[in-house]
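Undergrad: whatever this is, show me its structure:
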Amino acid sequence: MDNLAKILLAEDEPALGQIVKETLELKGFKVLYCNNGEEALQSYHNEQPELLILDVMMPKKDGFTLAKEIRSFDEHIPILFLTAKSQPKDVVEGFSLGGNDYLKKPFSIEELIARINNLLKQRNEPMAEELAIGAYHFHLKKQTLRYQEEDPISLTHREAHLLFHLANHRNKVLDRSIILKKLWNDDDFFSARSMDVFISKLRKKLNKDETIQIINVRGYGYKLVF
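TA: Predicted structure coming up:
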């Protein structure tokens, strides 16, 4: 993969921030390093990065708050959280605010790079054109969902890809572990909980057509029926 992406790194631990910045630059990325949330938000507006790496605990503006603000006008940029928090509710909160992935500290640089490459690959992979899902029109490339003739609504990167895989397995069970490994890079408890959050969001966005259901097949996965 051609590692020329511009990445914004927001991390308030100078030693860790510099190590991550220098290592990513050696791998070919352009890194915009900020040590607090306010500086990161300004850098985001000025530089238009392709991916965000946000420490959750930062001064002036924490990572969750920053992600929520950015998601209010940008539904598509991948966001990866760095966090010392490991409680399920904290991880789920991060995903519910629009995060695409997370790494618990301490982490290996190799794993960070693998997750960055995966997020960028998902963002840039070839996408299908519009799909009909009941009375909805779903466009993966634009990451939009439109009910009948209403204005389209935006989906997050992960919502769009999850819906795409569900639609491609219409009336068939989508294996939970396979999709977790593809979109979350892991099928552990925290990733499974975050997937449940995204499934709930998709159900709400599809609820205008009562013929559409996302069924939980306990112990195995989900099935989109319409």
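Undergrad: could you find the closest non-adjacent residue to Gln122?
TA: Once flanking residues are discounted, Gln122 sits nearest to His161: 6.2 Å by CB to CB, 6 or more residues apart in numbering. (Each C-beta comes from the backbone N, C-alpha and C, glycine too.)
Undergrad: check contacts around the one you found.
TA: Contacts for His161 were tallied using CB atoms under 8 Å, 6 or more residues apart in numbering; they are Gln122, Leu140, Leu183.
Undergrad: and if you look at Ala84?
TA: Contacts of Ala84 (CB under 8 Å, 6+ apart): Val56, Met57, Lys104, Lys105.
Undergrad: distance check, the spatially most central residue of the chain against Asn46.
TA: The C-alpha lying nearest the average C-alpha coordinate of the chain belongs to Asn100 (CA atoms, centre = their mean; 1.9 Å). Distance of Asn100 to Asn46, given as CB to CB, to the nearest Å: 22 Å.
Undergrad: okay, now Leu8: neighbour count?
TA: 24 (other CB atoms under 10 Å).
Undergrad: same question, Leu155
TA: 25.
Undergrad: kindly report the same for Glu22.
TA: Considering only other CB under 10 Å, Glu22 is surrounded by 12 other residues.
Undergrad: specify the local secondary structure of it.
TA: helix (DSSP: H, G, I helix; E, B strand; the rest coil).
Undergrad: okay, it: pLDDT?
TA: At Glu22, the model reports a pLDDT of 96.
Undergrad: same deal with Arg176?
TA: 85.
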